[in-house]
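Peer 1: Below are the sequence and a predicted model; questions follow.
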Number of protein chains: 2
Amino acid sequence: MNILTKMLVGSAVLLAFSSGLHAQQTTEIKSEKATLQLDVVSEGLEHPWGLAFLADGKMLVTERAGRMRYVNADGSLSKPISGLPDITVAGQGGLLDIVLHPQFNQNNQIFFSYNEPGASGSSTAVARATLKDNALSNLQVIFSAQPKFESRHHFGGRLVFADNGDLFITLGDRGQRRDDAQTLDTHHGKVVRVTTDGSPADANPYLEQNNALADVWSYGHRNIQGAALHPQTKQLWTHEHGPQGGDEINIARADHNYGWPEITYGEEYGGGKIGKTKQDGMEQPLHYWVPSIAPSGMTFYTGELFKPWQQNLLVGSLKFGQLVRLELNGENVSHEERIMIGQRIRDVRQGPDGAVYLLTDRKDGQILRLTPKK
Amino acid sequence: MNILTKMLVGSAVLLAFSSGLHAQQTTEIKSEKATLQLDVVSEGLEHPWGLAFLADGKMLVTERAGRMRYVNADGSLSKPISGLPDITVAGQGGLLDIVLHPQFNQNNQIFFSYNEPGASGSSTAVARATLKDNALSNLQVIFSAQPKFESRHHFGGRLVFADNGDLFITLGDRGQRRDDAQTLDTHHGKVVRVTTDGSPADANPYLEQNNALADVWSYGHRNIQGAALHPQTKQLWTHEHGPQGGDEINIARADHNYGWPEITYGEEYGGGKIGKTKQDGMEQPLHYWVPSIAPSGMTFYTGELFKPWQQNLLVGSLKFGQLVRLELNGENVSHEERIMIGQRIRDVRQGPDGAVYLLTDRKDGQILRLTPKK
């Protein structure tokens, strides 16, 4: 492509975007199993964080800056949906993930996570609301992480429905409070499991335990920004950011301790050991990365468009701008491919069309769609 | 280092080598867990292939070109040891691996693999002999792969003693005969297990089966040039070259089919599918590489020098000139590090001193020693 063509394409994109249509940018990417086509679906989103697919070809997208919008089938964006609660937008916090109620088609309920303000700081909360046209109503905060705390870091925030309709919520250690990940009396560094009204789930391990929060499912996590239910086993797979190296993939099992900050394959920023790498009673990761990829977003691919990718785990990398494709042999990661996208990836989702949708973590963020090259 | 210093160092190396002393070349390598020091122990070996450690600080090394030598404690090399059998040196074939009898200190017996000539071509054979001073005696060929065949490719050739004193021999598919890897009536693409006199081992799965060779242990392999006994489970771990992509790590279990050429993650040279990637009754690899690293040599690290490497699997890469360090969680490869050595690696061994010894695959090949930087 020469300079003139580039300028013309640039102008075309600009015109398309400013007229509300989605940009027709297509990039070809070679990968191990297929030649891929990457298309820009939507642009102009401020740090998009979570994506959910509606039945009519539309999507819902969150912007960390505190907005939720419809994405129309042509990629154009609605005005912000009204009725969100107060959200503390600061650092890594803001409006985070979004999921539809499993019976959304009957009840129009959505769940979303966000950084909720309070007297002693803020914390990750989850609200349920009814979505009608461009407004939320019947808003209920079903979960607020305890304690509120002044920190702009490590909110976790992924939401995944369990097979029985319970909701998993992933929570970070809030940075300075990392030792809390090893105690059961705060939500820092935990996965919690609640019913859709926020009650502790019946399956939870600490329902009868003193000094433990009844909604805790697993602990010893650092900051989980990717989680997905395994399509066959229905177990919750998660990944989490390591400190500097040591990003992990785990299966979050009830009453299991994932070791942060006692054990990790990472090290302190600037160097220096944090702890050991192994300890009895603490889980080893299924897989980990050194150097860190800074993972965010995760899905098991089950669609028909990329048959060789079926049952693979797809993970976004903020740091390297890659889509990481992991082949699995049971709980063994047998192969890893890094597919260069070239932008920080915040979320990875499989659409109803079998395409893979990516959110890019930028002030002027995009929704990208990955399909096999036609 | 300026040009003059480089020239002086170069001269010093040349002088040291020509005087029979080992070269004092030291390279520093940064790696995840340690800063490493790489020293040249010996030079001037023609495609060194296998290495064994004697009790007195000496080593035995094979050269594919058909020579076996002592390596003295100072790195100097003996004259070739006399008494080797006829060896067909061509392509990938020649003198290959060497192991000491488990009671070598009592009986001075060694075992070595090589490309043995015959009327219809050549094949991988294993001989046993008594080593005394600079000569072999009492030579017995205990195994000859059937059939002999005109091919310069895929000899396998690694030798590993099982926990009970049986000998595992790894065998390649000989290139054009790859379909033989799926039948039990040839040795192509097999692991065999024999006693020290070459009889089929008692544990073998096809002792009573018609149309099957009684020494076969596992099948469906392509070309295994790395094998090691797991220090705890005592199972035989192997790796094998894929065709173009799809190098694999497996645990070679009795009566298990590793799928080549029916299933593979590689593809034909020049492109094109070979088969499927999965099939019932055929084993999936524990781990595989695309693109191929061209693995050769393998050891489980159990020494004290590199404590963070304990229980890690070390694999040589011919293609990328790397030492690949794999961390394991049971049978799961949880993490992979690539340590750049910069030369094709043919063999990887742990020495009695806990250092890691590497053979470089060149006409002017070296023995390298890896230790933590002092």
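Peer 2: Good, I have the coordinates.
Peer 1: Kindly list the main-chain dihedrals of A:Lys30?
Peer 2: Its backbone dihedrals place A:Lys30 at phi -80, psi 140, with angles given as degrees, to the nearest 10.
Peer 1: Pick out the residue of the stretch 201-350 of chain A closest to chain B.
Peer 2: When distances are taken as C-beta to the nearest C-beta, the stretch 201-350 of chain A reaches nearest to chain B at A:Asn332, 4.1 Å away. Just so you know, the C-beta spots here come from the backbone N, C-alpha and C atoms, and that holds for glycine as well.
Peer 1: ok, that residue touching B:Leu328?
Peer 2: No: under the criterion of C-beta atoms under 8 Å, A:Asn332 lies out of contact with B:Leu328, with a separation of 10.0 Å.
Peer 1: From A:Gln225, how far off is A:Thr183?
Peer 2: From A:Thr183 across to A:Gln225, the span is 22 Å (C-beta to C-beta, to the nearest Å).
Peer 1: These two: which is more packed in?
Peer 2: Counting neighbours by other C-beta atoms under 10 Å in any protein chain shown for A:Thr183 and for A:Gln225 shows that A:Gln225 has the greater number, 28 against 15.
Peer 1: ok, that one - contacts?
Peer 2: When contacts are counted by C-beta atoms under 8 Å, 6 or more residues apart in numbering or on different chains, A:Gln225 is found next to A:Gly156, A:Gly157, A:Arg158, A:Thr170, A:His239, A:Glu240, A:His241, A:Pro295, A:Ser296, A:Gly297.
Peer 1: Output those residues as TSV; include the columns neighbour count, distance to A:Ser123 and secondary structure.
Peer 2: TSV is the format used below for the contacts of A:Gln225 (neighbours: other C-beta atoms under 10 Å in any protein chain shown; distance: C-beta to C-beta, whole Å; DSSP: H, G, I helix; E, B strand; the rest coil):
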residue	neighbour count	distance to A:Ser123	secondary structure
A:Gly156	32	10	coil
A:Gly157	32	11	coil
A:Arg158	27	15	coil
A:Thr170	31	13	strand
A:His239	32	22	strand
A:Glu240	31	18	strand
A:His241	28	18	coil
A:Pro295	27	22	strand
A:Ser296	26	19	strand
A:Gly297	29	22	strand
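Peer 1: Quick one: the helices in chain A, in order.
Peer 2: With DSSP state H as the definition, chain A shows helices at residue ranges A:3-18, A:104-107.
Peer 1: Tell me the residue of the stretch 1-150 of chain A that sits nearest chain B?
Peer 2: For the stretch 1-150 of chain A and chain B, the shortest gap (C-beta to the nearest C-beta) falls at A:Glu32, measuring 5.2 Å.
Peer 1: wait, that residue sits on B:Ser292?
Peer 2: No: in this structure A:Glu32 lies outside contact range of B:Ser292 using C-beta under 8 Å: 11.8 Å.
Peer 1: okay, those two: which has more neighbours?
Peer 2: For A:Glu32 and B:Ser292, the more surrounded residue by other C-beta under 10 Å is B:Ser292, and the numbers stand at 20 against 17.
Peer 1: Got phi/psi on the more buried one?
Peer 2: Taking degrees, to the nearest 10 as the convention, B:Ser292 sits at phi -60, psi 140.
Peer 1: Show me what the closest residue to it other than its chain neighbours bridges to in the sheet.
Peer 2: Spatial nearest neighbour of B:Ser292, excluding adjacent residues (C-beta to C-beta, 6 or more residues apart in numbering or on different chains): B:Asp247 at 4.8 Å. Residues found in beta-bridge contact with B:Asp247 (criterion: DSSP bridges) are B:Trp289.
Peer 1: now the stretch 51-200 of chain A, which segments are flagged as low pLDDT?
Peer 2: With pLDDT under 70 as the threshold, the stretch 51-200 of chain A has no low-confidence stretch at all.
Peer 1: can we see that at 90?
Peer 2: Per-residue confidence of the stretch 51-200 of chain A (counting by pLDDT under 90) places the weak regions at A:55-56, A:177.
Peer 1: what's the answer for the stretch 251-374 of chain A, then?
Peer 2: A:267-276, A:374.
Peer 1: need the residues of it near chain B, please.
Peer 2: With C-beta under 8 Å from any C-beta of the partner chain as the criterion, the stretch 251-374 of chain A comes near chain B at residues A:265, A:277, A:284-290, A:308, A:329, A:331-337.
Peer 1: Looking at these, which are in strands?
Peer 2: Judged by DSSP state E, strands contain the following of these: A:His287, A:Tyr288, A:Trp289, A:Asn329, A:Asn332, A:Val333, A:Ser334, A:His335, A:Glu336, A:Glu337.
Peer 1: Grab the two from those residues that are most spread out in space.
Peer 2: Across those, no pair lies farther apart than A:Trp289 and A:Asn329, at 18.6 Å, counting by C-beta to C-beta.
Peer 1: Which of those two has more residues huddled nearby?
Peer 2: Counted by other C-beta under 10 Å, A:Trp289 and A:Asn329 do not tie: A:Trp289 has more neighbours, with 27 against 19.
Peer 1: wait, isn't that one in contact with A:Gln244?
Peer 2: No: shown here, A:Trp289 and A:Gln244 do not form a contact pair, counting by C-beta under 8 Å, at 11.2 Å.
Peer 1: re the thing from before, which of the residues of the stretch 251-374 of chain A next to chain B are buried, as a PyMOL select command?
Peer 2: Selection of the buried residues among those in PyMOL, burial being defined by 16 or more other C-beta atoms under 10 Å in any protein chain shown:
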select buried, chain A and resi 265+277+284+285+286+287+288+289+290+329+331+332+333+334+335+336+337
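Peer 1: Excluding sequence neighbours, find me the nearest residue to the residue of the stretch 201-350 of chain A closest to chain B.
Peer 2: Computed as C-beta to C-beta, 6+ apart, the closest residue to A:Asn332 that is not its neighbour in sequence is B:Asn332, at 4.1 Å.
Peer 1: same question, A:Leu54
Peer 2: Once flanking residues are discounted, A:Leu54 sits nearest to A:Leu60: 6.6 Å by C-beta to C-beta, 6+ apart.
Peer 1: Who is the one you found paired with across the strands?
Peer 2: So, taking DSSP bridges as the rule, A:Leu60 has A:Ala52, A:Tyr70 as bridge partners.
Peer 1: Tally up the residues packed near it, please.
Peer 2: A:Leu60 has 21 neighbouring residues, counting by other C-beta under 10 Å.
Peer 1: which residues sit against stretch A:52-60?
Peer 2: Residues outside stretch A:52-60 that contact it (C-beta under 8 Å, 6+ apart): A:51, A:61, A:68-73, A:81, A:98-100, A:104-105, A:110, A:131, A:349, A:351-352, A:357, A:367.
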